[in-house]
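Structure for this input, please:
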Amino acid sequence: MARYTGPKTRICRIFGEPILGNGKYLTKNSNPPGQHGGTKKRKAPGEYALQLKEKQKAKYTYGILERQFRNTFDEANRIKGVTGENLIKLLEARLDNTVYRLGIAPSRPAARQLVTHKHVTVNGEVVNVPSFQLRPGDVVSLKESAKTNASITGQIRGKNVKFNWLDWTDAEFSGTFIAFPERESVPENIKEQLIVELYSK
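Numbering: from 1, shown residues only. Below is the predicted model:
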């Protein structure tokens, strides 16, 4: 089950955004990584570089590697509608991302760990595949044994009210994936059209 395990602050500095954490170190050193830091003269990136950087940002944000990301893009391309928006919808419908959006886990890596350790159920059945694609109406919940685990329930903060495509019930430790989100509802700073252009070359 491949995932990025390298230094998170380095990745945040590449993009200048806290895409892998709270970004508290960006205020101390926001220069791109490298021997010369901010003193090196960097030429303006070309079209391909901008497209590649946007794709890399999306991959690191959602915690997936190239092959799985490409497969997700191909699926988005097959679905009727705008490919870029379909890509974001499919990424948001991943089980690990939904666990994070529901506030069950404080981060996507933590949500991935909850899923792989079999603490999460979908429609009453245990699912341990982080990339599991949810459908409208699916109910995501903690397993009964996890509901009594203080280390898990203590991290639950509840759903952000901005995520209107999800519904959360505190008393039952469960949430419902109501519908695929509209692009304007997703807060991630990703220019998906650049990713479409990159894969269309």
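
Tell me where the protein has strands.
120-122, 125-126, 139-142, 166-169, 174-177 (DSSP state E).

So what are the sheet partners of the second one and their directions?
Strand 125-126 pairs in its sheet with strand 120-122 (antiparallel), by DSSP bridges.

Tell me the spacing between G6 and T153.
Applying Cβ to Cβ, to the nearest Å, the value for G6 to T153 is 30 Å. Every C-beta, even on glycine, is put in place using the N, C-alpha and C of the backbone.

out of the two, which sits in the busier spot?
T153 (13 against 8; other Cβ atoms under 10 Å).

what about the longest helix along the chain, average pLDDT?
In terms of residue count, the longest helix belonging to the chain (DSSP state H) is helix 47-62. The average pLDDT within helix 47-62 is 93.

Over to stretch 5-21?
Stretch 5-21 comes out at a mean pLDDT of 76.

So which bits of that stretch are buried?
Neighbour-count burial for stretch 5-21 flags K8, T9, I11, C12, R13, I14, F15, E17, I19, L20 (criterion: 16 or more other Cβ atoms under 10 Å).

now swap in stretch 161-168 and tell me
Of the residues in stretch 161-168, F163, W165, L166, W168 count as buried by neighbour count, 16+ other Cβ under 10 Å.

Spit out the contact partners of the most centrally placed residue in the chain.
Taking Cα atoms, centre = their mean, the centroid of the chain lies closest to Y62, which sits 2.9 Å from it. Contacts for Y62 (Cβ atoms under 8 Å, 6 or more residues apart in numbering) come out as L91, R94, N97, R108.
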